[in-house]
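Asker: Output the structure for:
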Amino acid sequence: DDSWFGIGFSTPGGGMNGGGSGSDMFVCSDEGLRRFLVTVKDNPRETGQVLQEIEEDAEDDEVIQNICILDAEAGTGRMTFTRTLDEGPRPITPGEAQAIIWARGPIGEQALANK
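Answerer: Numbers count the residues shown, from 1 in each chain. Predicted coordinates:
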């Protein structure tokens, strides 16, 4: 659907706030593609630290690395982002279990909000 949505990297069993030490979250909303450090279970826009306002590629670029598309007419959303494995508060180690979290808003709600 065309609601806001996000994906994040947490600690095993840590959930949205990474057990208090923070989750590294990428969110696609009406504000574009943003990266947050989230340490409390709440709306990242309200309580999270913005780690990065991500400059997005154009849809017709030959190589797309960072993009957020919310298409109300088609009822779809798409997010693509790149990051290095060892970058940020939650490094990704190949071969080890990695906690991945996700969230989305109500259908048609493109503004980042928790309802």
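Asker: what's the closest non-adjacent residue to the residue nearest the centre of the chain?
Answerer: For the chain, Phe26 is the residue whose C-alpha lies nearest the centre (C-alpha atoms, centre = their mean; 1.9 Å). The spatial neighbour of Phe26 that comes closest, neighbours along the chain excluded (C-beta to C-beta, 6 or more residues apart in numbering), is Phe81 at 5.0 Å. The way it works is simple: take the backbone N, C-alpha and C, and place the C-beta from them, glycine included.
Asker: Which residues are in contact with the residue nearest to the centre of the chain?
Answerer: For Phe26, the residues meeting the contact criterion (C-beta atoms under 8 Å, 6 or more residues apart in numbering) are Gly6, Ile7, Gly8, Leu33, Arg34, Arg35, Phe36, Ile54, Met79, Phe81.
Asker: do you know how far the first one is from Leu51?
Answerer: The spacing between Gly6 and Leu51, counted by C-beta to C-beta, to the nearest Å, is 13 Å.
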